[in-house]
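Novice: predicted model and sequence follow; I will ask about them next.
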Amino acid sequence: MESLNFVYVTYILSTPEKVWNAIIDPEVTKKYWSDPLSKNPSHTNVSEWKVGSVWKHVRMDEDRTVDLVGKVLEVDPPNKLVISWARPNEMNDESIHSRVTFEISHYADGLVRLAVNHEGLDPQMFNGISNGWPSVLSNLKTYLETGKHLADHLR
């Protein structure tokens, strides 16, 4: 089966350090990792963010359901983070994990370029993240630039 790739690039009025922190800090991820039309946090990302450590995409429900898992493959703060990405029932079969690379770079005074490259996707996961990444990353940009969730600006 052919694997699919998804790339998203955005420019954020911020610093590389703040963008990095927003990606790895679970308290910050739950502020933007949700449906932009809802102020209710839907997920947070939890890990030690060290090479070889596990990361979990945890739903902010009563059961703290884990929707996605993976391993941290590369850490170069505040420039690059690489993680594997899988459904929880696929955690033990690394041959079917996809891979996400976050590249953070200074672009201009006060402006950061964030590139997210998600590689090795199966068609079902590609369809999900094709809507998911733009939504999440738009919300991240809005949160970092304004301190508010995107839904706050729509009401």
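Specialist: Okay, I see it. Residues are numbered from 1 along each chain as shown.

Novice: make it CA atoms for all contacts and neighbour counts henceforth
Specialist: Noted.

Novice: which stretches of this protein form strands?
Specialist: Along the chain, the stretches classed as strands by DSSP state E are 4-13, 43-47, 54-59, 66-76, 80-85, 98-108, 111-121.

Novice: just the residues contacting the shortest one, thanks.
Specialist: With contact meaning Cα atoms under 8 Å, 6 or more residues apart in numbering, strand 43-47 is reached by 24-27, 29-30, 33-34, 53-60.

Novice: now a ChimeraX select for only the buried ones of those residues.
Specialist: What follows is the ChimeraX syntax for the buried subset of those, where burial is set by 16 or more other Cα atoms under 10 Å:
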select :24,25,26,29,30,33,34,54,55,56,57,58,59,60
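
Novice: from the contacts of strand 43-47, pick the one nearest residue 80.
Specialist: Lowest distance from residue 80 to the contacts of strand 43-47 (Cα to Cα) belongs to residue 24, with 11.4 Å.

Novice: now do that closest one, the pLDDT please.
Specialist: At residue 24 the predicted local distance difference test score is 97.

Novice: residue contacts, it?
Specialist: Contacts of residue 24 were listed using Cα under 8 Å, 6+ apart, and they are 45, 46, 47, 49.

Novice: and the gap between it and residue 114?
Specialist: The gap separating residue 24 from residue 114 is 14 Å, by Cα to Cα, to the nearest Å.

Novice: just the pLDDT for residue 108.
Specialist: Reading off the confidence values, residue 108 has pLDDT 94.

Novice: how much space between residue 116 and residue 130?
Specialist: In this structure, residue 116 lies at 12 Å from residue 130, with Cα to Cα as the measure.

Novice: higher neighbour count, these two?
Specialist: A direct count of neighbours by other Cα atoms under 10 Å for residue 116 and residue 130 places residue 116 higher, at 21 against 15.

Novice: noted, bye for now.
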